[in-house]
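Colleague: my questions are about this predicted structure, shown below with the sequence.
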Number of protein chains: 2
Amino acid sequence: MNERLAKRTEDISAFYVMEILRRAKQLEEQGVDVIHMEIGEPDFLSPPKVVSEGIRFLETGNVKYTPAAGAMELRQKIAEFYLERYSVSVDPRRIFITPGATGAFLLAFGVSLNPGEEVLMADPCYPCNSNFVRLFEGQTKLIPVDAKDRYQLSAELIGQHWGQSTKGVLIASPSNPTGTVISPEALKAAVLSVDEKRGCFYSDEIYHGLAYGERTASALEFSDKVFVINSFSKYFCMTGWRIGWVIVPDEFVEATERLAQNIFISTPSNSQFAAIAAFDSETIEELERRRLEFAARRDFLYHKLLELGFSIPVKPEGAFYIYADCSKLSLDSYQLAVDLLEEEGVAVTPGRDFGQHNANQTIRFAYTTSLARIAQAIQRLENFINRKFPDESLNR
Amino acid sequence: MNERLAKRTEDISAFYVMEILRRAKQLEEQGVDVIHMEIGEPDFLSPPKVVSEGIRFLETGNVKYTPAAGAMELRQKIAEFYLERYSVSVDPRRIFITPGATGAFLLAFGVSLNPGEEVLMADPCYPCNSNFVRLFEGQTKLIPVDAKDRYQLSAELIGQHWGQSTKGVLIASPSNPTGTVISPEALKAAVLSVDEKRGCFYSDEIYHGLAYGERTASALEFSDKVFVINSFSKYFCMTGWRIGWVIVPDEFVEATERLAQNIFISTPSNSQFAAIAAFDSETIEELERRRLEFAARRDFLYHKLLELGFSIPVKPEGAFYIYADCSKLSLDSYQLAVDLLEEEGVAVTPGRDFGQHNANQTIRFAYTTSLARIAQAIQRLENFINRKFPDESLNR
């Protein structure tokens, strides 16, 4: 370890999928056709109205800073959105526009987390979250969750694992990588249990809007003491614009404002003015059509993976991921991911990117590619399996 | 202090100028004409070619993530720029595109600074810098600098103040708020002195390109072990696009890549593809015309402020600021700033935003407004002074 490097850099992990991606690019340069099911990014273009508003703004040439907390017009739009979609009234002062959900996490943890304090998270979960905690010298306590938990924390699990140094809890619903949604009742119980302990509840709602079953409740419906993190990247298909938001409890408004002034100055202006159009009815209609397309892909992929012998103990109801148990094929899912790429040109994400619990027997499929391509990937998976297990029928 | 708030939020200071800005807006809403000389943002529009490239990119609708380190095409352009402008060869792998210089500081300090480690900075300096250090649980040691130092640190001052827990040194040239430029020789000596101690040298070069006298050398000319922070906001007039870069020493490349993946995912794509046009010859020609306009404003404002009785012990040679000693008018520069705004509609930034050293007898004027407006501001300052000191001639 070089002494000039900060110690935290030892703990902030790289994503294994980056190695998969690197190799996929190499193969593509050699002319191999790779089907990308590793990427957590919608394949759709940005909504037309968003694009045209972005262009209209750029045409002025007047691309200046906005206030650190964001353009008030956008903050008000988001407040209206919460009223319409969740019947929750939020003071726009509590809404901070950020450079993506990553910026939202920087603010939320930055204003609330002291060195040594602990945040509870489900294992598996999105790996960046614990890296943010590490960035601020906090610690993550990963709590193994299983199908019986719908891969989500609960008030009960929180109670069991809450310790002296626990500062708060992060729940992501719909979850990345499992796609599972916490029920409104379970979310409410979890939120209230953290409120009771005067802890911080961080609700990662960046896949809200991409749900195909039960309603996804916002933590804000149950308490105004929570942090809600959201983004225009997923449902709104605006990844490259880098824009998201965080809603903070009233007591954090002033500190969040100061931190945002320092670490962002402001969020990209053209992304902000474009995002105002994300709530237009014509945009929402288009996004709802896309949601149905995602649902159709989910249904197709889910059933085909089951037929191929993967086990998916909880049917995913949101995001664009299926977290599949591949233990019938391999007990080293990273190696499986490498083999699938090398032999069949199918790129997936190995479970170890999301934690330790059963990580080596799971892989994540992203259905961020067309149904036709997904069907092709299924055919390739079938070829792979028939070649590896010529005499067996995996689950037939 | 609320126990849910992180302790660091007590130390991350608000900017006093925000109060000035808030009041300026109120006055403007009441119909008062305010001349803004408090704002650290060029008044020019973004360069036309940059805007048209940004629009061309948005028109595709395909606004996706780029690699975390940035689009390779842009990183290469920046490498070419260093070769042309500084005769320095930089491996594009060491260049990371960031959401503004703020993002560059997040990466630079995030990968290098451990809790309790100290960074030396000049007092006065840009206030966010020490707040970044605090964010990562580090400490800033402010070293008072005066006219005789050209308001810059030197190898000598660094040697005097280097202690057990010192990790590195930040030098900003051209400086905000003083506008002074460190000589290539003094910069070289400072860089080498830090290299010798195996410390980290952070070179804030975000006002490079905006220099009106001596050449501004890059720290990269003297060592490849330095961090160089730069931005498209100032010289390139692209504030609202939120795009900058950091060049890291080779040993930090891998850790910086991981940190960027986690805390940014990527920098706004359209800002990146637009920024490629920032290096076109027609854009550089336009920016050089603007530089001359800034130089003319500097000359005018400098001489007029001296005539009015302000003291400016070092003629500023860069950025777009004049840091003026106002002690003949007031020993409370914050109150002076308030009075100038309330009585004359001239907004300036009080010295205490930049440190403690002589802060109450200095104010910063930004010449980010037209010559005509600056002339108007000077007239108002003269009215103010004549009213306050009817019988005296301040420096005549």
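Modeller: Done, it's in. Numbers count the residues shown, from 1 in each chain, chains lettered A, B, ... in the order given.
Colleague: so who does the residue nearest the centre of chain A touch?
Modeller: Centroid check for chain A by Cα atoms, centre = their mean gives residue A:176 as the closest residue, at 4.9 Å. Residues near residue A:176 by Cβ atoms under 8 Å, 6 or more residues apart in numbering or on different chains: A:40, A:125-126, A:207, A:319, A:321, A:354. To be clear about C-beta, it is placed using only N, CA and C from the backbone, and glycine gets the same treatment.
Colleague: most neighbours among those, which one?
Modeller: Most neighbours among the contacts of residue A:176, by other Cβ atoms under 10 Å in any protein chain shown: residue A:319, with 30 neighbours.
Colleague: who's in contact with that residue?
Modeller: Residue A:319 makes contact with A:174-176, A:179, A:207, A:210, A:234 under the criterion Cβ under 8 Å, 6+ apart.
Colleague: 7 Å instead?
Modeller: Going by Cβ atoms under 7 Å, 6 or more residues apart in numbering or on different chains, residue A:319 touches A:174-176, A:179, A:207, A:210.
Colleague: equivalent analysis for residue A:97, please.
Modeller: Shown in contact with residue A:97 (Cβ under 7 Å, 6+ apart): A:69-70, A:74-75, A:243, A:245, A:267, A:272.
Colleague: pLDDT score assigned to the residue nearest to the centre of chain A?
Modeller: Per-residue confidence at residue A:176 stands at 97 (pLDDT).
Colleague: how far away is it from chain B?
Modeller: 13 Å (Cβ to the nearest Cβ, to the nearest Å).
Colleague: let's see if you can find the most crowded of the contacts of residue A:97.
Modeller: Busiest of the contacts of residue A:97 [other Cβ under 10 Å] is residue A:267, holding 33 neighbours.
Colleague: helix/strand/coil for it?
Modeller: With DSSP: H, G, I helix; E, B strand; the rest coil as the basis, residue A:267 sits in coil.
Colleague: my read is that it contacts residue A:70, right?
Modeller: Yes. Taking contacts as Cβ atoms under 7 Å, residue A:267 lies within contact range of residue A:70: 6.0 Å.
Colleague: quick one on the thing from earlier: so which of the contacts of residue A:176 comes closest to residue A:277?
Modeller: residue A:207 (21.3 Å; Cβ to Cβ).
Colleague: surely the closest one and residue A:318 touch.
Modeller: Yes. If you go by Cβ under 7 Å, residue A:207 and residue A:318 touch, sitting 5.5 Å apart.
Colleague: any common contacting residues for the two?
Modeller: If you check residue A:207 and residue A:318 against Cβ under 7 Å, 6+ apart, the residues they both contact are residue A:174.
Colleague: where does the prediction get shaky in the stretch 251-396 of chain A?
Modeller: A:392-396 (pLDDT under 70).
Colleague: flag every residue of it that's near chain B.
Modeller: Counting by Cβ under 7 Å from any Cβ of the partner chain, the residues of the stretch 251-396 of chain A close to chain B are A:251-252, A:255, A:258-259, A:261-265, A:267-271.
Colleague: just the buried ones from these, in PyMOL syntax?
Modeller: To isolate the buried members of those in PyMOL, using 16 or more other Cβ atoms under 10 Å in any protein chain shown:
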select buried, chain A and resi 252+255+258+259+261+262+263+264+265+267+268+269+270+271
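Colleague: what about the residues of the stretch 251-396 of chain A next to chain B, which are in helices?
Modeller: Counted as lying in helices by DSSP state H, out of these, are A:255, A:258-259, A:261-263, A:269-271.
Colleague: run a quick neighbour tally on residue A:29.
Modeller: Using other Cβ under 10 Å, residue A:29 has 8 neighbouring residues.
Colleague: please apply the same query to residue A:109.
Modeller: With other Cβ under 10 Å as criterion, residue A:109 counts 25.
Colleague: just to revisit the earlier point, and the two most separated of the contacts of residue A:97?
Modeller: A:69 and A:243 (13.3 Å).
Colleague: quick one, helices of chain A?
Modeller: A:8-11, A:16-29, A:48-59, A:72-86, A:100-112, A:127-135, A:155-161, A:184-196, A:253-263, A:269-275, A:281-308, A:333-339, A:371-388.
Colleague: dump the ones you listed to a markdown table, plus distance to residue B:293.
Modeller: A markdown table is the format used below for those (distance: least, Cβ to Cβ, whole Å):
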| stretch | distance to residue B:293 |
| --- | --- |
| helix A:8-11 | 43 |
| helix A:16-29 | 45 |
| helix A:48-59 | 23 |
| helix A:72-86 | 32 |
| helix A:100-112 | 34 |
| helix A:127-135 | 41 |
| helix A:155-161 | 60 |
| helix A:184-196 | 55 |
| helix A:253-263 | 28 |
| helix A:269-275 | 23 |
| helix A:281-308 | 41 |
| helix A:333-339 | 56 |
| helix A:371-388 | 53 |
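Colleague: before I go, just wanted to say thanks for your time.
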